Every structure is written in C-alpha cells, then in structure tokens.
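S.K.: Next one to model:
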Amino acid sequence: MLRKLSDLVPEPYDVVALGAGGAGLSAALVAAVEGARVLIVERTQYVGGTTALSGGTTWVPGTRHAASVGSADTLAEAAAYLDRAVGARASPALRRKLLDTGPQAVDYIEAHSEVKYRAYPLHPDYLSEIEGSTVKGRALEPLPFDGRKLGTLFSLLRPPIPEFTVLGGMMVDRTDIFHLLRMTKSLASLRHAARILGRHAKDRLRHRRGTRLVMGNALVGRLLYSLMQRRNVSLVVETEIEAIERDATGIRAVTLAQGGARRTIGVTGGVILATGGFNRHPALRTSMLPGVDAGWCPGAPGHTGRAHDLARSLGARYGTNALSHAFWAPVSVRRRPDGSNAVFPHFLMDRGKPGTVVVNARGRRFVNETTSYHLFGIAMQERGVVPAYLVGDADALQKYGMGMVRPGAKGLEPFLADGYLTAGDTLEALGTKLGIDGKSLAETVARFNAYAKSGVDPEFGRGATAYQRNLGDASWSGPNPCLGALAKAPFYAVRLYPGDIGAATGFATDANARVLAADGTPIAGLYAAGNDMHSAMGGVYAGPGITIGPGLVFGYVAARDAAARATARRDQSAPLATEEVS
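M.R.: Okay, the predicted model is just below:
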C-alpha cells in the first residue's frame with residue numbers, strides 16, 4: 001500500500017484522493033470497494049489530518065445506531081432543524097443529499113470495512129434551543145481500535161495532541177476520563193481504569209505511545225487498516241501536488257513531486273480534493289481570517305492550500321454566504337520543552353463548569369461560557385476580546401483542571417513559571433498579574449456567585465439549554481450544573497485565543513460533490529469533500545461532528561461518482577499513463 005512515488009507502476013489511476021484525512025481516506029476506501037484503482041496523496045509524513053487529532057465524532061442523522069440509544073429521531077426532524085439553523089447559508093440541495101445519503105453511507109462503509117460506529121447515549125445538537133434538535137442519536141463515534149493491527153503502518157498514523165493524552169501517550173475518551181476520575185469511588189471504574197492502564201503499561205514496552213486508539217485516532221486507524229487489505233490502493237506521503245491537468249473531457253492527470261522525483265499520473269475517473277481546507281495558505285488566511293495568528297490553529301499542518309490554487313486555476317470557485325469562513329474554538333497556547341507550540345482547544349473539560357467564568361480585559365463577562373465552542377470563538381472576534389481569560393477557583397482547578405493543567409491540580413510549578421497559568425491569592429491580585437481590572441473582576445465574580453445560588457444567569461443565560469447543561473457537571477449539587485461560585489482561593493486563570501479548527505468556506509459543489517465553475521457547471525472529474533468542500537452547514541456548527549460527518553457522506557458520494565466515471569471513460573478511450581517527468 002505505502003509506495004515511493006518513483007515506484008508507482010505506469011498504469012493510470014481511476015481515482016486520486018488528495019489528502020489522507022478522514023474525508024480523503026473515506027473516499028479512497030469507497031472508491032476501492034467500488035473496484036477503482038486508487039492513489040492517495042498526502043503531503044505530510046502522517047495520515048489522518050485533523051481528524052486524527054479530533055474527537056472523531058461523526059454527525060449523520062437517521063442511522064440504525066440511533067435506535068440503540070432510544071432515539072425516535074426522523075430525517076424530517078433533522079431536515080427541519082437544519083433549515084432553521086442553517087437557512088440560506090448553504091444549498092438546500094446539499095442538505096437533502098447529506099440527510100438522504102448519510103444512513104446509506106454509514107451502512108456501506110461499516111459493511112465493507114473495519115470502520116464501526118456507536119451512538120453516544122447523550123450528545124446533544126449544539127443549537128438545542130432550536131426546534132428539531134435532539135439530544136442523542138445523530139452523533140456517532142468510532143469504536144476503539146487496536147493500533148497493533150496496523151503493524152509497521154502504526155507509525156504512519158498521526159499521533160494525537162500530546163496534551164490530550166496521559167502517562168506518556170495513553171489516549172483517553174470521555175468514558176475513560178469518567179472512570180479514571182472515579183476509580184477510588186467505584187469498583188466498576190476501578191476495573192475499567194486498571195484495564196486501560198495495564199494495557200498502556202504493556203504498550204510502552206514496545207511502542208512510543210499507546211496502541212489503544214480512541215476518538216479520531218480510532219477512526220483513522222480503522223480506515224487505514226481497511227485500506228491495507230485492498231490491493232487496488234496505493235499511498236504516497238510527503239508528496240506535493242504540482243499540477244492538475246484537464247482536457248475537453250475533464251481531469252486527465254496530476255503531477256506529483258516527492259523528494260527528487262516528479263511523476264505525471266494519469267487519471268481516468270477523477271481527483272477528489274480532501275486536503276483539509278485553506279487555513280494555512282498565507283494569502284488566503286490573511287484575507288479570510290484577518291488578525292488570527294496561525295499559531296492559534298490546532299489543526300494538522302497539511303492544509304497549505306496548494307491544491308486550492310491549482311483548482312482555482314481550473315475555474316473552481318468558493319462558496320459564499322457562510323456564517324464564518326472557519327469553524328472556531330477557544331484555545332490556549334504554550335511552548336513545549338522541545339520548542340514546539342502546544343495549542344489546546346477548550347471543548348468541554350473546563351469551560352462552562354461550576355466555579356469558572358470567562359472575562360475580557362476589563363474583567364467583565366462578554367459571552368455565555370456554555371455556548372458552543374464555535375460561537376464562543378466568533379464572539380471573541382466580534383467583540384474584540386483577544387485574549388480572553390478563563391478564571392477559576394482552587395476547587396474548580398482541582399476537579400476539572402484548566403486547559404493543559406490536569407484535574408487534580410498537581411505539578412503546577414512549570415505552568416506557573418512559564419506564564420501559561422496565573423495564580424492570585426485574591427481576585428484583585430489575579431487581575432493585577434493578568435494586566436486586567438482586578439476590582440472589576442471581583443465585582444463580576446460576586447454577581448456570578450449570586451447567579452450560582454439561584455441557578456439562573458440573567459446576563460447570558462448560561463446553562464439554559466440541553467447542550468449547555470451537558471457541558472456542566474452532572475454531579476453538581478447546585479440548581480444548575482453549569483453554575484457554581486468561585487469561592488476558594490487561590491484563584492487561577494489561563495489566556496484564551498480564537499483558534500480555527502477547520503475551514504467552513506471551500507469549493508462550491510453540486511449535490512454529487514462535483515466542483516463548480518463560475519458559471520455553475522461542474523468541472524468534469526474534479527470533486528471536493530471534507531473541508532475543501534464548502535460547508536453543507538454554511539459555517540454553522542449545528543452539532544458534534546458536522547465536519548467529519550459530511551466529510552464521510554460526500555466522500556462516499558464523490559468516490560462512487562468518480563469510480564463510475566472511470567468505468568465509462570475506460571470504455572471510450574485510453575487516458576494518459578503514468579510517466580516520469582524528471
């Protein structure tokens with residue numbers, strides 16, 4: 001499967017997937033199942049893209065898995081929800097295709113591969129206040145996977161963000177975290193913890209990190225393992241795309257470069273753009289994400305936008321009218337001992353928990369802390385709050401941690417020494433150290449503490465919806481699981497920045513994932529999936545996994561269309577063969 005570019009055989013490929021993230025690997029797998037000869041091109045040394053760094057949640061309504069958690073959801077309700085949440089920000093035809101095809105795509109990939117999903121018992125849509133939303137059944141997560149099955153290709157899998165692992169590379173998901181925090185209180189939790197800790201101890205005798213894969217690593221591991229089983233798939237890594245050629249019939253070839261080798265690869269069916277979006281393209285980033293430092297992006301490094309330049313030169317156009325050009329999360333940043341930059345997305349562990357607030361430079365709250373991370377990031381930019389400050393008391397730090405500081409609040413000295421974490425014996429002192437208005441911060445916390453007693457936040461409505469309450473602490477004794485007083489000194493804070501976690505603006509496509517030219521006609525043989533495709537959600541974060549879910553579905557759609565096109569073209573004429581350019 002893994003090849004050097006110079007070793008590729010001369011016959012053309014039916015489908016070329018540019019990018020080995022979740023969408024690209026899914027598309028490649030479907031095309032291979034359809035019998036196509038597939039080439040996957042990845043510019044970095046790893047496969048998995050940002051999907052491998054993510055929770056791996058896949059938002060697809062209407063699957064058979066919904067019934068396993070007692071969901072009575074219907075596609076009609078999902079459609080009504082998206083119509084209200086997204087509206088005119090994206091093509092209704094794309095939404096219909098996503099919903100109509102989603103269950104079929106999930107069934108197909110599970111039937112023909114090692115990719116297996118389950119529905120999480122409680123995983124609400126992010127805009128749960130909107131009619132048609134649901135609290136369970138639409139969000140799927142991959143089953144854990146044994147990375148040892150990958151053999152030597154295990155090293156090809158992009159490692160998770162180190163700060164999301166424990167004990168030197170042990171991956172943990174929400175279930176694991178729950179049991180690890182309760183291992184001294186519950187026999188069942190102790191057994192679960194002992195099992196995964198014992199497994200990790202054995203792993204470290206032979207591997208640089210744990211091989212029990214969960215979340216996005218599990219999804220990518222399962223995709224990679226499934227592709228390994230198929231002889232009609234080739235993969236090249238550390239390979240750049242230099243040209244995409246077309247003729248009167250459509251895309252006919254791509255030119256690739258790896259080290260000193262350059263090859264022109266004939267294409268019979270199509271090229272699927274799945275490179276991860278525009279986010280690290282210097283010019284596009286400046287124009288589309290002004291003022292947002294690239295160092296705040298927690299995504300994988302491969303999405304340089306090189307393929308976007310080539311597609312645009314062929315007439316491809318971007319979609320319009322998205323809520324935002326990117327999807328967002330508040331992140332904190334720290335320099336690692338090796339000099340690399342650690343970017344930590346604050347998804348659920350601390351933000352919105354009892355005993356915490358987020359304030360601006362004036363020491364005032366400016367947003368509902370339990371809104372979705374996407375809307376949180378947008379609010380930071382719209383209100384000019386960069387950085388913001390996540391503030392918590394000693395109890396909150398002990399129980400929930402704070403960003404890269406783990407629950408238990410042990411080993412704080414390095415975080416305090418390098419300024420990632422700031423501490424103060426009083427709120428006024430904390431404010432002074434942060435360079436913000438300490439008196440105003442104390443007044444803000446006093447008001448918030450009163451809200452915690454009543455369970456109602458009249459300023460921002462924190463903890464008012466099912467999604468928001470799910471971010472809180474289910475074991476909290478107060479009237480609102482998201483509201484708890486900041487009372488116990490010392491007080492702590494971490495700086496937050498708006499981090500782009502994926503592109504929402506991408507290439508406009510039709511419902512078959514075919515990239516559209518300026519006149520609205522498809523560019524024959526050119527497809528887009530994942531973050532290279534203009535978001536079917538119109539830049540609205542409607543639920544968990546609304547990038548990975550559409551990436552799977554439209555990768556499936558694109559792959560089947562491209563494979564069928566390859567069959568038709570082979571019957572008509574012989575396309576360009578692979579040739580060495582230099």
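S.K.: Show the low-confidence segments of the chain, by residue range.
M.R.: 573-582 (pLDDT under 70).
S.K.: Mind doing that once more with 80?
M.R.: Judged by pLDDT under 80, the chain has its weakly predicted residues at 9-10, 167-168, 171, 173-174, 176-178, 180-181, 570-582.
S.K.: Look through it and tell me its longest helix.
M.R.: Using DSSP state H, we find that the single longest helix of the chain is helix 548-572.
S.K.: Touching, residue 43 and residue 256? I think so.
M.R.: No - using Cβ atoms under 8 Å, residue 43 is not in contact with residue 256, being 9.8 Å away. In this view, the C-beta of every residue, glycine as well, is placed from N, C-alpha and C.
S.K.: which neighbours do the two share?
M.R.: Residues touching both residue 43 and residue 256 by Cβ atoms under 8 Å, 6 or more residues apart in numbering: 239-241.
S.K.: Buried subset of those residues as a PyMOL selection?
M.R.: With 16 or more other Cβ atoms under 10 Å as the criterion, this PyMOL line picks the buried residues out of those:
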select buried, resi 239+241
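S.K.: Now, the shared contacts of residue 43 and residue 256 that are in helices?
M.R.: Going by DSSP H, the helices hold none of these.
S.K.: What is the nearest of the shared contacts of residue 43 and residue 256 to residue 506?
M.R.: Nearest to residue 506 among those, counting by Cβ to Cβ, is residue 241 at 16.4 Å.
S.K.: hey, what's that closest one bridged with?
M.R.: residue 256 (DSSP bridges).
S.K.: ok, residue 64 to residue 108 distance?
M.R.: 12 Å (Cβ to Cβ, to the nearest Å).
S.K.: oh sorry, the question was meant for residue 505
M.R.: With distances taken as Cβ to Cβ, residue 505 is found 29 Å from residue 108.
S.K.: When those two are compared, which one has more neighbours?
M.R.: residue 505 (23 against 19; other Cβ atoms under 10 Å).
S.K.: So for that one, what's the nearest residue that isn't a sequence neighbour?
M.R.: Closest residue to residue 505 apart from its sequence neighbours, by Cβ to Cβ, 6 or more residues apart in numbering: residue 325 at 4.3 Å.
S.K.: Could you report the separation of the one you found from residue 308?
M.R.: Relative to residue 308, residue 325 is positioned 13 Å away (Cβ to Cβ).
S.K.: same question, residue 204
M.R.: Distance, residue 204 to residue 308, by Cβ to Cβ: 40 Å.
S.K.: for residue 16, same thing?
M.R.: Distance, residue 16 to residue 308, by Cβ to Cβ: 16 Å.
S.K.: more neighbours, the two?
M.R.: Using other Cβ under 10 Å, the more surrounded residue of residue 16 and residue 308 is residue 16, with 31 against 23.
S.K.: Quick one: neighbours of residue 214, just the number.
M.R.: When neighbours are counted by other Cβ under 10 Å, residue 214 comes out with 25.
S.K.: residues touching the residue nearest to it when sequence neighbours are not counted, list them.
M.R.: Spatially, and ignoring its direct neighbours in sequence, residue 214 is nearest to residue 173 (4.2 Å; Cβ to Cβ, 6+ apart). Contacts for residue 173 (Cβ under 8 Å, 6+ apart) come out as 55, 141, 144, 214-215.
S.K.: Kindly export stretch 267-285 (C-alpha atoms) in CSV.
M.R.: Taking Å, rounded to 0.1, in the frame of the first residue of the first chain, the C-alpha atoms of stretch 267-285 are listed here in CSV:
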residue,chain,number,x,y,z
VAL,A,267,-6.5,9.9,-14.1
THR,A,268,-9.5,8.1,-15.6
GLY,A,269,-12.2,8.9,-13.1
GLY,A,270,-11.4,11.9,-11.0
VAL,A,271,-9.5,13.8,-8.5
ILE,A,272,-11.1,14.2,-5.0
LEU,A,273,-9.9,17.3,-3.2
ALA,A,274,-9.7,16.5,0.5
THR,A,275,-6.6,18.4,1.6
GLY,A,276,-8.2,20.0,4.7
GLY,A,277,-9.1,23.5,3.6
PHE,A,278,-7.3,26.8,3.0
ASN,A,279,-6.3,27.5,6.6
ARG,A,280,-2.5,27.5,6.3
HIS,A,281,-2.4,29.2,2.9
PRO,A,282,-0.7,32.5,3.8
ALA,A,283,-2.6,34.8,1.4
LEU,A,284,-6.0,33.2,1.9
ARG,A,285,-5.5,33.1,5.6
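S.K.: Pull out the buried positions in that stretch.
M.R.: 267-281, 284-285.
S.K.: Same check on stretch 29-43?
M.R.: For stretch 29-43, burial by neighbour count (16+ other Cβ under 10 Å) applies to 29-34, 36-43.
S.K.: Relative to residue 80, which of the residues you listed is nearest.
M.R.: Using Cβ to Cβ, those come closest to residue 80 at residue 30, 28.9 Å.
S.K.: Okay, that closest one and residue 561: tell me how far apart.
M.R.: 10 Å.
S.K.: what's stretch 90-108 in contact with?
M.R.: 30, 33, 58, 60-65, 75, 78-79, 82-83, 86, 117, 140, 319, 321-322, 509-512, 534-540, 549-550, 552-554, 556-557.
S.K.: Can you measure across stretch 498-509, start residue to end residue?
M.R.: Stretch 498-509 has an end-to-end distance of 28 Å (criterion: Cα to Cα, to the nearest Å).
S.K.: now the strands: where do they sit in the stretch 301-450 of the chain?
M.R.: With DSSP state E, counting those that start in this stretch as the criterion, the stretch 301-450 of the chain has strands at 326-335, 341-345, 356-359, 388-392, 421-424.
S.K.: For residue 436, give me its contacts.
M.R.: 359-363, 389.
S.K.: For these, which two are the farthest from each other?
M.R.: Spatial extent of those (Cβ to Cβ) is set by the pair 362 and 389 at 10.6 Å.
S.K.: Between these two, which has more neighbouring residues?
M.R.: The neighbour comparison of residue 362 against residue 389 (other Cβ under 10 Å) goes to residue 389, with 22 against 13.
S.K.: who does the more buried one bridge with?
M.R.: residue 359, residue 495.
S.K.: wouldn't it be in contact with residue 358 here?
M.R.: Yes - the pair residue 389 / residue 358 is scored as a contact, 6.7 Å apart, by Cβ under 8 Å.
S.K.: could the shared contacts of residue 43 and residue 256 go into TSV alongside distance to residue 415?
M.R.: Output for these, formatted as TSV (distance: Cβ to Cβ, whole Å):
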residue	distance to residue 415
239	39
240	38
241	41
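S.K.: Contacts only, for the closest residue to residue 479 other than its chain neighbours.
M.R.: Leaving aside its chain neighbours, residue 479 sits nearest to residue 455 (2.9 Å; criterion: Cβ to Cβ, 6+ apart). Listed by Cβ under 8 Å, 6+ apart, the contact partners of residue 455 are 463, 478-480, 483.
S.K.: do residue 471 as well
M.R.: 348, 351-353, 370, 482.
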